[in-house]
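Q: Here is a sequence together with a model predicted from it:
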Amino acid sequence: MAAADTPSASLRHHDLCSRGIRLARKMRSDVTDLLDIYVEQQGLDASISVAAVEGVPAAAAERWAEQTGTQRLLDNLAAYRAFRVLLAQMLEEQREQLGDANGELGPALAAVLLQVSAFAYHLEELLELESRRTPAEEGSEPPAPPRLSLFEQKLRGLGVLRELAQWAVRSVRDLRQLAKHGPGSSAALGLADSQ
């Protein structure tokens, strides 16, 4: 019997999926609160339309139903690694612009950044349990953010936070699907199985 098929591996897989779902729900809630703070402190209209932001992975996936559990984990991991870099850039921009006067925004951004980092680590654990090698992060240094005007930075930040909220929802869906199937399951997980 393969290690991924043992009862202890199945229990660990289910536990990791359950904890991941709770983490993603908490992150979604905190990102929603952060969006409210961000819009208010940046002086933006909450209904403003933001075009797709370069470097921000889209949560919407074509043929989501046809993805394997491993592919879902890899997509999630790539997204949260990208969000970790983008949120760190946003936090740095806030510190440069506002210094110590950034009120609630700086601590809220830092808290969400910490959650994103923890969730990425959690996804790496799940991938290891799936007997898949965790892909290395692209380069050790994040690319320098593009030179944007202050308003463009605000819009980019809004786009990042909105997409992160969508990823938190997708992550819950993905982890629910993974929890229904045992570790090492590489079969396509269909929408027919979703709740």
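A: Everything's here; your move.

Q: average pLDDT for stretch 40-58?
A: Per-residue pLDDT over stretch 40-58 has a mean of 83.

Q: how about it: buried residues?
A: Going by neighbour count (16 or more other C-beta atoms under 10 Å), the buried part of stretch 40-58 is 41, 42, 44, 50, 53, 55, 56, 57. The C-beta positions use only the backbone N, C-alpha and C, and glycine is treated the same way.

Q: Next: stretch 77-96.
A: Buried residues in stretch 77-96, counting neighbours by 16+ other C-beta under 10 Å, are found at 77-91, 93-94.

Q: where in this protein is pLDDT low?
A: 1-7, 100-102, 132-134, 137-146, 182-195 (pLDDT under 70).

Q: any residues touching stretch 149-169, and which ones?
A: Identification of contacts with stretch 149-169 by C-beta atoms under 8 Å, 6 or more residues apart in numbering yields 24-25, 27-28, 31-32, 34-35, 38-39, 42-44, 48, 50-53, 56-60, 76, 79-80, 83, 86-87, 90, 93, 97, 112, 116, 148.

Q: hmm, try it at 6 Å
A: 24, 27-28, 31, 35, 38, 42, 50, 53, 56, 59, 79, 83, 86, 90, 93 (C-beta atoms under 6 Å, 6 or more residues apart in numbering).

Q: Please enumerate the helices of the protein.
A: In the chain, the segments counted as helices under DSSP state H are 7-42, 69-98, 105-129, 150-180.

Q: Looking at the ones you listed, which is nearest to residue 135?
A: Across the helices of the chain, the minimum distance to residue 135, taken as C-beta to C-beta, is reached by helix 69-98, at 6.9 Å.

Q: chain center to the closest one, what's the gap?
A: 7 Å (C-alpha atoms, centre = their mean, to the nearest Å).

Q: That one versus helix 105-129: what angle between them?
A: 160 degrees (axes from the mean of the first three to the mean of the last three C-alpha atoms, to 10 degrees).

Q: What helices and strands are in contact with helix 69-98?
A: Under the contact criterion of 3 or more C-beta pairs under 6 Å, 6 or more residues apart in numbering; DSSP states H and E, helix 69-98 touches helix 105-129, helix 150-180.

Q: Centre-most residue in the chain?
A: The geometric centre of the chain, computed from its C-alpha atoms, lies nearest to residue 80 (C-alpha atoms, centre = their mean), at 3.7 Å.

Q: ok, the closest residue to that residue other than its chain neighbours to residue 19 distance?
A: Nearest non-adjacent residue to residue 80, counting by C-beta to C-beta, 6 or more residues apart in numbering: residue 120, 4.1 Å away. Distance of residue 120 to residue 19, given as C-beta to C-beta, to the nearest Å: 14 Å.

Q: between those two, who's got more neighbours?
A: The neighbour comparison of residue 120 against residue 19 (other C-beta atoms under 10 Å) goes to residue 120, with 20 against 14.
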